[in-house]
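K.L.:
okay, predicted coordinates and the sequence, questions at the end:
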Amino acid sequence: MRIGIHTSIAGDIAQSLEIAHGLGANALQIFSASPRMWHVGSSSPMKSIGAGPGRERFAPTEMARFRARREELKLGPLVIHANYLINLASPDRVLRVRSIQAFHDELIRAVALGADYLVVHPGSGRGAHAREAVESVAQSLHQAARGMKLGGLRILLENTAGQGTVLGSTFSELKFILDLCPDLPTGVCIDTAHMFAAGFNIREPEGLEKTLQAIQSTVSLARIFIIHCNDSKTPLGSRVDRHEHIGKGKIGLEAFRRILNHPMLAPAAAGQEKEPATGGVGRAFILETPIDKPGDDLRNVRTLWKLAGKPAPMDFIGAARDGFRIRPSRRKKLAARKSSAKKRSAGKRAAANKRKR
């Protein structure tokens, strides 16, 4: 079984691997750049792959180190989530062209990092006819991938909560897009919080069975490669996407126990399980839960393993102590501050003792 979590690449992309591994995950998801900016800033000396700003954020040495360390830790699959600003369905020509270019850049970075999956939201038609909107998504995917060698990378469309004119809240819409892209390596990422908010009652056993049957009769369960495991802050059918800690929201612990152990969602059932050096590119359950206090990430990862009835690959390590994401530079500063505080305290005690004498 593959259980992962979304981790930060701030400071050093390889640190995201250490965080995921330290939390007891054996898979992970990252952003390859800022998810809410069009232009990517460089965090290190950069040699671009392809022309244009922001196409390649990481130096070749960084990427090589990342791939090598991932292989050592046997973390997989590696999932990259695309920029939130990308709207492949937009009827606005300027925004759509910008989105296609941004997604092209996402593909470049994903291939360079050796990612298995690139997850993207279908987007919003914003007034356009639904059929035109889904056709726009398919056309945009083709334009973004034109001329590229994607290797083992697969593009995954993520289901949505269905707020406003956002596409992808029904599996039939996702199937329509996939059917228009037979020449591209595609699949689906399903998000539990999104399904619940869209009206799929996965909280109840009968509702989960109906949902899985709906998936099977449209996109097919064999094309579900990633399951985002998130509880929901909002009620069934709210159409509002708000993630919550596992067991703390409207979906509940028992629902996740059923999801994690359902035979129709096992990798072997879909014939997806593979075990390359990186640890597998089959189906994985990935957490995108919030961090409200130190330890939240660790608690959510451990909760999934416990609900799945399986031991975590390993316990947490210092790099991810209590699940709180602390960069190495930050840890050094905190250690230095603690040491200085101890010295000051010792100095004050010595001065006080001297005055007493």
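P.N.:
Nice, thanks for sending it over.

K.L.:
please count neighbours and contacts with C-alpha atoms only from this point.
P.N.:
OK.

K.L.:
give me the sheet partners of the host helix or strand of L118 and which way each runs.
P.N.:
Secondary-structure assignment from DSSP states H and E places L118 in strand 117-120. Paired neighbours of strand 117-120 in the sheet (DSSP bridges): strand 78-81 (parallel), strand 154-158 (parallel).

K.L.:
tell me where the chain is predicted with low confidence.
P.N.:
Confidence mapping of the chain against pLDDT under 70 gives the ranges 39-56, 268-282, 314-335, 337-338, 354-357.

K.L.:
for whichever strand or helix holds I108, C-alpha coordinates in CSV please.
P.N.:
Using DSSP H and E, the element containing I108 is helix 93-113. Presented in CSV, the C-alpha positions along helix 93-113 are these (Å, rounded to 0.1, in the frame of the first residue of the first chain):
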residue,chain,number,x,y,z
ARG,A,93,-8.1,33.8,-25.0
VAL,A,94,-5.3,35.5,-23.0
LEU,A,95,-5.9,33.5,-19.9
ARG,A,96,-6.2,30.3,-21.8
VAL,A,97,-2.9,30.9,-23.7
ARG,A,98,-1.2,31.7,-20.4
SER,A,99,-2.6,28.6,-18.8
ILE,A,100,-1.4,26.4,-21.7
GLN,A,101,2.1,27.8,-21.4
ALA,A,102,2.1,27.4,-17.6
PHE,A,103,0.9,23.8,-17.9
HIS,A,104,3.6,23.2,-20.6
ASP,A,105,6.1,24.4,-18.1
GLU,A,106,4.6,22.1,-15.4
LEU,A,107,5.1,19.2,-17.8
ILE,A,108,8.8,20.2,-18.4
ARG,A,109,9.5,20.3,-14.7
ALA,A,110,7.6,17.1,-13.9
VAL,A,111,9.6,15.2,-16.6
ALA,A,112,12.9,16.7,-15.3
LEU,A,113,12.1,15.6,-11.8
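
K.L.:
got the contact list for the nearest residue to L260 once chain neighbours are set aside?
P.N.:
Closest residue to L260 apart from its sequence neighbours, by Cα to Cα, 6 or more residues apart in numbering: A308 at 5.5 Å. Contacts for A308 (Cα atoms under 8 Å, 6 or more residues apart in numbering) come out as R257, L260, N261.

K.L.:
mind listing which of these are in strands?
P.N.:
Assignment to strands by DSSP state E places none of the contacts of A308 there.

K.L.:
show me where this structure has strands.
P.N.:
According to DSSP E, the strands that the chain contains are 3-6, 27-30, 78-81, 117-120, 154-158, 186-191, 224-229, 231-232, 243-244, 284-287.

K.L.:
tabulate those strands in CSV, adding columns for distance to F103 and mean neighbour count.
P.N.:
Below are the strands of the chain laid out as CSV (distance: least, Cα to Cα, whole Å; neighbours: other Cα atoms under 10 Å):
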stretch, distance to F103, mean neighbour count
strand 3-6, 19, 28
strand 27-30, 15, 25
strand 78-81, 11, 26
strand 117-120, 9, 25
strand 154-158, 11, 24
strand 186-191, 14, 24
strand 224-229, 19, 24
strand 231-232, 28, 28
strand 243-244, 25, 22
strand 284-287, 22, 27
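
K.L.:
alright, that wraps it up for me.
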